[in-house]
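In: Dropping the sequence and predicted coords here.
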Amino acid sequence: MKEYETKNPYNSEVVKTYVQDSTADIDKKLQKALAIEASWAAVEIEDKCELLSNVAELLIDRKEEYAELMTQEMGKPYSQGISEIEKCAWACDFYAHNAENLLADELIETDADESFISHDPLGCILAVMPWNYPFWQVIRFAAPTLTAGNTALLKHAQNVTGCSLAIEQLFLDAGYPEGCFQSLKAGHEEIEKLIANDGIKAVTLTGSEKAGKSIAGTAGKNLKKSVLELGGNNACIVWEDADLDEHIDTMVMARMQNTGQSCIAAKRFIVCENIYDYFLEKFTAKVKSLKSGDPMKEDTFIGVMAREDLAEELQKQVNDSIKQGAKVVLGNMRNGAYYSPTILTDVTEDMPVFKEETFGPVAAIIKAKNREDAITIAANSRLGLGSMLFTEDTDAAMDIISDIPDGAFFVNDMVKSDPRLPFGGTKASGYGRELSREGILEFVNKKTVYIKK
Ligand SMILES: O=CCCCC(=O)O
């Protein structure tokens, strides 16, 4: 029997001790999922959507409880936890209202009497999810995937096991049949075995590039589909005509949300030299004004990082960049899992804070000669989740859409997910899309039906 603890990163107190699932426990859960696969797939779409509306309602009723749980387990500022749960409810409402249309047969005229694409569920989908948005990342996958008629097994990050079990209970309380959505308390070794099992039809991962390579490798070897949402090193490009008075708060939010622990955060600020000094002055002033502290307090914006080792790793990336010539304008102070909001200038393209994803409150600022130079610097990344551009010249912004090699391009706003829009990356940020029509169609059999009468 293997036990593990979840720990509050703010005060190091143990939140709870759990017993890890054995191989037999995991198999039992898989068998339970398989046992209801056909009956769940046969439930009318209207009824599935009603259950999803129940989830949305319960999320809103329980948002304080769930936000507190996230704060305890991974240090998310409470108020940002409330917003996360509200966003989960939004995604559930979106699919509750739109799934029927999105899954409808797609008629295609051919020389058959009738030809169309139908969308059948695949079966049991394995989801491997990270700790940074413990509810949102799961709901982003589960709301469309269950509504398409699949069942799901969730392997969540161990430090958010309480959230993982709360989500399982949430689906049961909303009226989903037992076995439709189950949480595993499993280690990585079990996941490899599970992917190879015939009962698992596909796998989705939100996580690191290393985890992506391993999971996609196992999935590929077993001819299973995978969707990967991996890291990001998003550029925030600031052209010389950007309206900083209007947008500086958004730019700061783009980097510092969730204490900087977000794949889609702005990590590299690439600023045209004509506006550089004014940008740095305003950006620094705003970052300085962010309140750090007890993540349970309503007015705390910067909490602790989810684990002390993550804060240490981040500080190492910063210190290695300083050795290569980066200058600290603000921050670079660590106390346990707390890492103070940090701004680095004189960042060059060979430094860790430019080349690697920084998963915490660190802004790397790079000066660009002009608009073209800024775009070239931004595109120099192995990752391709998204880019944002701030400019008053939206015609010029439209002209460079195809120069942005990422999964998303936002102009005068931060890269963010929205249930109505596809979400996913290119290059080492992964493949496949979540949310919107694209997301609900990732885990269906797009069956060609061709009928001659
Ligand atoms: O780490 C990834 C964060 C994704 C947040 C979102 O979907 O908005």
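Out: Yep, it's here.

In: which regions of the stretch 201-350 of the chain lie under the pLDDT threshold?
Out: Counting by pLDDT under 70, the stretch 201-350 of the chain shows no low-confidence range.

In: burial count for Lys282?
Out: A count of neighbours around Lys282, defined by other CB atoms under 10 Å, yields 18. From N, CA and C alone the C-beta is placed, and that goes for glycine too.

In: That one: what's its closest spatial neighbour, skipping adjacent residues?
Out: Ile248 (4.7 Å; CB to CB, 6 or more residues apart in numbering).

In: Pull out the buried positions in the host helix or strand of that neighbour.
Out: If you go by DSSP states H and E, Ile248 is part of helix 244-256. For helix 244-256, a neighbour-count test (16 or more other CB atoms under 10 Å) marks Leu244, His247, Ile248, Thr250, Met251, Val252, Met253, Ala254, Arg255, Met256 as buried.

In: doesn't Glu273 make contact with Arg371?
Out: No. Taking CB atoms under 8 Å as the definition, Arg371 is not a contact partner of Glu273, at 11.0 Å.

In: Name the residues of the chain found near the ligand, please.
Out: Contact residues (CB under 6 Å from any ligand atom) of the chain with the ligand: Asn132, Tyr133, Trp136, Arg140, Ser262, Cys263, Ile264, Lys416, Ser417.

In: which of those residues are buried?
Out: Buried among the residues of the chain next to the ligand (16+ other CB under 10 Å): Asn132, Tyr133, Trp136, Arg140, Ser262, Cys263, Ile264, Lys416, Ser417.

In: mind listing the strands for the stretch 251-400 of the chain?
Out: Taking DSSP state E, counting those that start in this stretch, the strands of the stretch 251-400 of the chain run over residues 266-272, 327-330, 334-335, 338-339, 342-345, 362-368, 383-384, 387-390.

In: tell me the most buried of those strands?
Out: Of all the strands of the stretch 251-400 of the chain, strand 387-390 has the most neighbours on average by mean count of other CB atoms under 10 Å, namely a mean of 28.

In: What helices and strands are in contact with that strand?
Out: Judged by 3 or more CB pairs under 8 Å, 6 or more residues apart in numbering; DSSP states H and E, the packing partners of strand 387-390 are strand 234-238, helix 244-256, strand 409-411.

In: Using PDB, write out the CA atom coordinates for the second one.
Out: C-alpha atoms of helix 244-256 as PDB (Å, rounded to 0.1, in the frame of the first residue of the first chain):
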ATOM      1  CA  LEU A 244       0.000  51.500 -22.900                       C
ATOM      2  CA  ASP A 245      -2.400  53.600 -20.800                       C
ATOM      3  CA  GLU A 246      -5.200  51.300 -22.100                       C
ATOM      4  CA  HIS A 247      -3.400  48.000 -22.100                       C
ATOM      5  CA  ILE A 248      -0.600  47.800 -19.500                       C
ATOM      6  CA  ASP A 249      -2.900  46.200 -16.900                       C
ATOM      7  CA  THR A 250      -3.700  43.400 -19.400                       C
ATOM      8  CA  MET A 251      -0.100  42.900 -20.200                       C
ATOM      9  CA  VAL A 252       0.800  42.500 -16.500                       C
ATOM     10  CA  MET A 253      -2.200  40.200 -16.000                       C
ATOM     11  CA  ALA A 254      -1.000  38.200 -19.000                       C
ATOM     12  CA  ARG A 255       2.200  37.400 -17.200                       C
ATOM     13  CA  MET A 256       1.200  37.400 -13.500                       C
END
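
In: which residues touch it?
Out: Outside of helix 244-256, the residues within contact range by CB atoms under 8 Å, 6 or more residues apart in numbering are 234, 236, 238, 265-267, 269, 275, 278-279, 282-283, 286-287, 290, 301-302, 341, 361-363, 388, 390, 412-415.

In: change it to 6 Å
Out: Cys236, Ala265, Ala266, Lys282, Lys286, Val287, Pro361, Ala363, Phe390, Met414 (CB atoms under 6 Å, 6 or more residues apart in numbering).

In: could the residues you listed be laid out in CSV, adding distance to Met351?
Out: Shown next, in CSV, are those (distance: CB to CB, whole Å):
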residue, distance to Met351
Cys236, 17
Ala265, 18
Ala266, 17
Lys282, 24
Lys286, 24
Val287, 20
Pro361, 17
Ala363, 13
Phe390, 23
Met414, 23
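
In: Pull the most distant pair out of those.
Out: Based on CB to CB, the longest span within these runs between Pro361 and Phe390 and measures 20.1 Å.

In: from the contacts of helix 244-256, which single one is nearest Thr348?
Out: Ala363 (15.2 Å).

In: beta partners of that closest one?
Out: Beta-bridge partners of Ala363, counted by DSSP bridges, are Ile343.

In: Tell me, what's the model's pLDDT at it?
Out: The model reports Ala363 with a pLDDT of 98.

In: how about the residue lying closest to Lys48 once chain neighbours are set aside, what does it touch?
Out: Spatially, and ignoring its direct neighbours in sequence, Lys48 is nearest to Thr147 (5.1 Å; CB to CB, 6+ apart). Contact analysis of Thr147 by CB under 6 Å, 6+ apart lists Lys48, Leu52, Tyr95, Ala99.

In: Apply 8 Å and report the result again.
Out: Contacts of Thr147 (CB under 8 Å, 6+ apart): Ile45, Lys48, Cys49, Leu52, Tyr95, Ala96, Ala99, Leu103, Ile440.

In: Select from these the one having the most neighbours.
Out: Tyr95 (30 neighbours).

In: Angles on the backbone of that one, please.
Out: phi -70, psi -30 (degrees, to the nearest 10).

In: Could you verify my assumption that it touches Thr145?
Out: No. The pair Tyr95 / Thr145 is not scored as a contact, 9.6 Å apart, by CB under 8 Å.

In: Between these two, which contacts overlap?
Out: Ile440.

In: how close does Lys323 get to Ser381?
Out: Distance, Lys323 to Ser381, by CB to CB, to the nearest Å: 22 Å.

In: The two: who's more crowded?
Out: Taking neighbours as other CB under 10 Å, Lys323 and Ser381 compare with Ser381 leading, 25 against 10.

In: Now do the contacts for Phe135.
Out: So Phe135 contacts Leu59, Tyr66, Met70, Glu84, Ile85, Cys88, Cys163, Ile167 (CB under 8 Å, 6+ apart).

In: taking these one by one, which sit in helices?
Out: Counting by DSSP state H, the part of the contacts of Phe135 found in helices is Leu59, Tyr66, Met70, Glu84, Ile85, Cys88, Cys163, Ile167.

In: okay, those in TSV with pLDDT, neighbour count and distance to Ala186 next?
Out: Converted to TSV, the ones in helices among the contacts of Phe135 look like this (pLDDT from 0 to 100; neighbours: other CB atoms under 10 Å; distance: CB to CB, whole Å):
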residue	pLDDT	neighbour count	distance to Ala186
Leu59	99	25	25
Tyr66	99	24	22
Met70	98	29	21
Glu84	98	22	24
Ile85	99	21	25
Cys88	99	28	23
Cys163	99	25	15
Ile167	99	24	15
